[in-house]
Each structure stands twice: as C-alpha cells, then as structure tokens.
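Visitor: 3D model of this:
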Amino acid sequence: MAKYPFPSKRAPLYRDVPDEQWYNWRWQLSQRLNTAEEIGKVIPLTDSERKALNAPNLFRVDITPYFISLIDPDDPEDPIRKQVIPTAAEMVPFTAMMEDSLAEDRHSPVPGLVHRYPDRVLMLVTTQCASYCRYCTRSRIVGDPSATFSRQEFELQLEYIRRTPQIRDVLLSGGDPLVLAPKILDEILSRLREIEHIEIVRIGTRVPVFLPMRITDELCEMLQKYHPLWMNIHVNTPNEITKELAEACDKLTRAGIPLGNQAVLLAGVNDNVDVQRQLVHDLVRIRVRPYYLYQCDLVEGAGHFRTPVGKGIEIMEGLRGHTSGYAVHQYIIDAPGGGGKIPVMPNYLLSYSDHKVVLRNYEGYITTYEEPVDYLPERAAKFKGEKRPEPGQSGVHGLLQGEQMFIKPENFDEVHDRHGIQHRLKDEKKWQPLGIGSGMKETA
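Guide: Numbers count the residues shown, from 1 in each chain. Model (predicted):
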C-alpha cells in the first residue's frame, strides 16, 4: 500500500521465521513473550525491568513477537517499550490509587455488564488480550484466565439487555473481543442483533495494534454481517502505526466499519504536543478518526504514567486550530468513583451576557458573537417521535428541560435534616417572645 508509507519491522530474533508463520495470528499468540529471559533475547533489559519481571504477583505480561519488534532495543525510553514492559515503578503505590477507579463493579447489574449511562452498556466478553498494557484500567480482572466469563454469565448479560429497552448501544470490551474464537464472537454479535431495541454495536480493541494479522478477510466478512458496527482501536504513539496496521485498518474500513482511536495520555510516552500532532495526522491517513485522549486512570501500578491535567490542556491548545477539526480528539477524564467521561478543554468562552458572547480562538484572537434578541424558546423544534426512557438519569439536561429544579448528592436531605423543633413561624400559632411585653399575643 504505497499511499501509506509506514514501516514494517521484524526483530533480528525473528528474521528466519517464514512469512506464513509470522503473518499467522495464532502463531503470534502462541509465541508471546512474558519472562525476563524471553524478552531479554530481543531487548537488553534494564535493572528496573528485570526486577519487575521477576517480581511475584505482577500484572500479567504478554507481548506478541510483532509488537516487541517495534521497540528500539537501544532506547530504554522507547515509548512502546514503556507500555508493555514493566519497571520497578509499577510496584510503587501513589496517592488516590484505586483498584476499580471507575467504579465499574458498582454499576454492574449482572457479572460482566456495566450500565453507567442511560442508553448504553459495556459488555465484558473476555478477560484476555493479545498483549497487556501496563496502565490497564481493568488490571484487577484482565489477564487472569480463572476470571473469564461463563456461558451462564453471558446469558445473564443478554437477558438484562433484553429486558432494558432504553439500551440502544452495546460496547463489547474486556479484555479484547477480537482474541475470542471466531465462532464465539460470531455468536455474541448474532445474539445481540436479535434484540430489537439494540441499534448499534461497538467493539473496543487493541488487536489491530498488537496483532494486525488477526484482521483477516474472513473476520471482516463475519463482522460486516452485523452492521451498523463501529470499532475503536487504541494507538498511543506514531511508532505503533506500521504497514501492517494500515493494511488491517484498510480491510476494516472497506468492510464498512467506521474506525476511531482512543489514546491514553502517558508520561514519557506521548505527553508532547508534537508527538500528539504526528499521531493524529498519521491516524487520519489510515482512515482512523481520533476520538478520545484519556487522562490516565488512578489504577494500581500506573502512578508513573500520570501527567498533570494541565499537560492535556496544553496538548489540546496545540491541536485545536493547528490541524483539521476531525483530527482533534476529545480530552477526557473518566471520573474516579464512577462519574463517567468528562470532557476537559481550554476555555474558549471568555464571557457572556443576555445579548453577547465573548470568545477567543486558538491564536488568542478575541471576538464577540451577538445573540438573537427575538429568539422564542417556546417556538423551538418539536420532537414527534417516542422519547427514549431514562429512568432516574435525566441529570443536568433535566434541569434545563424543567423536569426538576435541583440535583441532590446522595443522602443530601438526611445530612441537612437537623431533626430540630419546627420553626415557630411555620406553626399554626403565632407566639410572642417569652418575657417581652411587646403587645404580641398568642392567637388561635
């Protein structure tokens, strides 16, 4: 594919591997590296890496031969290396560290299903990945073969979706859905498509990045049976964009699957405006639209990857206006405690009144926008369809629509109820203060 001038690499250890094996995804999975001895044959390890790889109870390590080949063996600061090879910093706790930082377990009505937002659910279909990111949000369950989801739990997930009509969107994740046996993935998609109120299905995957040879013609033919089907991949640095990834994305888009990218802002990996700009430019060249740039979660073992939120704001300042709008992702903080995804961006709205808005652009140019004086809210467009049910989750939108006047934190009334004596002015009687002859008398 000459229009995608990206590299294709193979570490010296694998130079004699026949192409029919190298480009076989099952061979790649079977040859994953996970020990200090195996990884050390490809990359000279630092003392910190060797210490972590030999530590007990470490989050699982597995790296495909393809992906480890993208690492510069002579650069201990290589951005791909940092993502998949642990260091001793992974074992250092940090302030606000959480096991389940997004409170997914609390929003799980049945095992493996997360219902955080009104109209969509996250369906965890496996705990396995092609390789394992050292900052994984779900490291509490991912990588553990004994924690995989059973047939019974799968049926419970489907039954919950079936009897919850406000769900219109199902996101398959895990683990990585594309490491499942093809027949199992086919069955999951087929069963979801039998549910009438499911409008779209999404797949979140890093397989095209870790294991692009998994994106076969047969897989694409199967996936396109279940349109509308969307997919988000996970590329963090331009170094991960290769000829093989470009070809995999080309197959998926030709099968009619829109592709987006979710990246994570990681210290020493992509916390640089120029790196991020190159990343989004390379992504759109392979027809992948940048979607989210996540602030690193407060997950155990990921403290050394965290950046200040200000770094993310700086990056957004360097993207908005400096490149195409569709190449600018949203900078997102997934709220600790289960608040969901919150977009964070530079402040372009400087001030406003009842008739004028003051704005600034990416260059610091300040302008005003005159508000209409004859706009009548009661003449706004009318919706004639059937409103989607959102029981108990109207949120801020409910305030704007007049459905409620306030949103109270949990136990708000209980905290503020002092259980005191009723105020005298709210009683049926009016009382004069004791001992004061003001002429005020008790009246019936």
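Visitor: Kindly list the main-chain dihedrals of P290?
Guide: P290 adopts backbone torsions of phi -60, psi 130, taken as degrees, to the nearest 10.
Visitor: Quick one: neighbours of it, just the number.
Guide: When neighbours are counted by other CB atoms under 10 Å, P290 registers 24. (Glycine included, C-beta is placed from N, CA and C.)
Visitor: dump the residue contacts of the spatially closest residue to it that is not a sequence neighbour.
Guide: Distances taken as CB to CB, 6 or more residues apart in numbering place H329 nearest to P290, at 3.7 Å, with adjacent residues excluded. Going by CB atoms under 8 Å, 6 or more residues apart in numbering, H329 touches 261, 263, 280, 290-293, 319.
Visitor: Among the residues you listed, which ones are in strands?
Guide: If you go by DSSP state E, the contacts of H329 have 261, 263, 290-293 in strands.
Visitor: For K408, state which of these is nearest.
Guide: Y292 (30.0 Å; CB to CB).
Visitor: Could you report the distance from that closest one to Q330?
Guide: 6 Å (CB to CB, to the nearest Å).
Visitor: can you check D47 too?
Guide: 39 Å.
Visitor: Between these two, point out the one with more neighbours.
Guide: Q330 (15 against 9).
Visitor: correct me, but that one touches R289?
Guide: No: counting by CB atoms under 8 Å, R289 is not a contact partner of Q330; they are 11.3 Å apart.
Visitor: what's the spatially closest residue to R116 that is not a sequence neighbour sitting at in phi/psi?
Guide: Excluding the flanking residues, the one nearest R116 by CB to CB, 6+ apart is H107, at 4.6 Å. When read as degrees, to the nearest 10, the backbone of H107 gives phi -100, psi 20.
Visitor: Next one: H107 from I203, what distance?
Guide: Using CB to CB, we find H107 at a distance of 20 Å from I203.
Visitor: do the same with R360
Guide: 39 Å.
Visitor: same thing with E244?
Guide: 19 Å.
Visitor: repeat for K183
Guide: For K183 relative to I203 (CB to CB), the value is 16 Å.
Visitor: now do K251
Guide: Applying CB to CB to K251 and I203 gives a distance of 14 Å.
Visitor: Could you double-check that Y132 sits in contact with V61?
Guide: Yes: Y132 is within contact range of V61, at 6.3 Å (criterion: CB under 8 Å).
Visitor: quick one: which of these two has more around it?
Guide: Shown here are Y132 and V61; by other CB under 10 Å, Y132 has more neighbours (24 against 21).
Visitor: who touches the more buried one in this structure?
Guide: Shown in contact with Y132 (CB under 8 Å, 6+ apart): 59-62, 84, 142-143.
Visitor: mind checking the backbone torsions on L13?
Guide: phi -60, psi -30.
Visitor: what's the burial count for it?
Guide: A total of 15 residues lie near L13 under the criterion other CB under 10 Å.
Visitor: And for S324?
Guide: 11.
Visitor: what's the spacing between it and R277?
Guide: For S324, the distance to R277 - CB to CB - is 11 Å.
Visitor: ok so, going back, from the contacts of H329, which is closest to D176?
Guide: Proximity of the contacts of H329 to D176, judged by CB to CB, is greatest for N261, which lies at 15.2 Å.
Visitor: these two touch, right, H197 and R163?
Guide: No: in this structure H197 lies outside contact range of R163 using CB under 8 Å: 10.3 Å.
Visitor: Have a look at the two and say which one is more surrounded.
Guide: Remark: of H197 and R163, H197 carries more neighbours, 13 against 9, as counted by other CB under 10 Å.
Visitor: Would you list the phi and psi of the closest residue to that one other than its chain neighbours?
Guide: For H197, ignoring the flanking residues on the chain, the nearest one in space by CB to CB, 6+ apart is P165 at 5.0 Å. Phi and psi for P165, reported as degrees, to the nearest 10, are phi -70, psi -20.
Visitor: what do you get for the one 5 residues further on?
Guide: Here the main-chain torsion angles of V170 (degrees, to the nearest 10) amount to phi -120, psi 130.
Visitor: Quick check, it in contact with V201.
Guide: Yes: contact criterion CB under 8 Å: V170 and V201 qualify, at 5.3 Å.
Visitor: what residues are shared contacts of those two?
Guide: Between them, V170 and V201 share the contacting residues L192, judged by CB under 8 Å, 6+ apart.
Visitor: picking that back up, H107 and I203: which has the busier surroundings?
Guide: Neighbours per residue, other CB under 10 Å: of H107 and I203, the larger number sits with I203, 24 against 16.
Visitor: ok, the more buried one to P118 distance?
Guide: For I203, the distance to P118 (CB to CB) stands at 21 Å.
Visitor: Contacts only, for the residue nearest to Q28 when sequence neighbours are not counted.
Guide: Nearest residue to Q28 in three dimensions, chain neighbours excluded: T64, at 4.8 Å (CB to CB, 6+ apart). T64 makes contacts with 28-29, 31-32, 130-131, 210-211, as judged by CB under 8 Å, 6+ apart.
Visitor: what about Q83, how many neighbours?
Guide: Neighbours of Q83 under the rule other CB under 10 Å: 23.
Visitor: Make residue 1 into 50 and carry on from there
Guide: In the new count, where the first residue is 50, that last one comes out as Q132.
Visitor: Quick check, it in contact with C182.
Guide: Yes: here Q132 reaches C182: they are 5.7 Å apart, a contact under CB under 8 Å.
Visitor: Spit out the residues that contact those two alike.
Guide: Counting by CB under 8 Å, 6+ apart, no residue touches both Q132 and C182.
Visitor: so P395 touches G367, yeah?
Guide: No: checked against CB under 8 Å, the pair P395 and G367 is beyond contact range at 10.1 Å.
Visitor: care to break this protein down by domain?
Guide: The chain resolves into domains spanning 61-140, 154-395, 399-441 when parsed by automatic domain parsing.
Visitor: now those as a markdown table including mean pLDDT and distance to G451?
Guide: Output for the domains of the chain, formatted as a markdown table (pLDDT from 0 to 100; distance: least, CB to CB, whole Å):
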| stretch | mean pLDDT | distance to G451 |
| --- | --- | --- |
| domain 61-140 | 96 | 48 |
| domain 154-395 | 93 | 19 |
| domain 399-441 | 88 | 10 |
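Visitor: ok so, going back, make JSON lines from the contacts of Y181 and add secondary structure to it.
Guide: Conversion of the contacts of Y181 to JSON lines gives the following (DSSP: H, G, I helix; E, B strand; the rest coil):
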{"residue": "F108", "secondary structure": "coil"}
{"residue": "R109", "secondary structure": "coil"}
{"residue": "V110", "secondary structure": "coil"}
{"residue": "D111", "secondary structure": "coil"}
{"residue": "V133", "secondary structure": "helix"}
{"residue": "V191", "secondary structure": "coil"}
{"residue": "G192", "secondary structure": "coil"}
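Visitor: Fine by me, thanks again.
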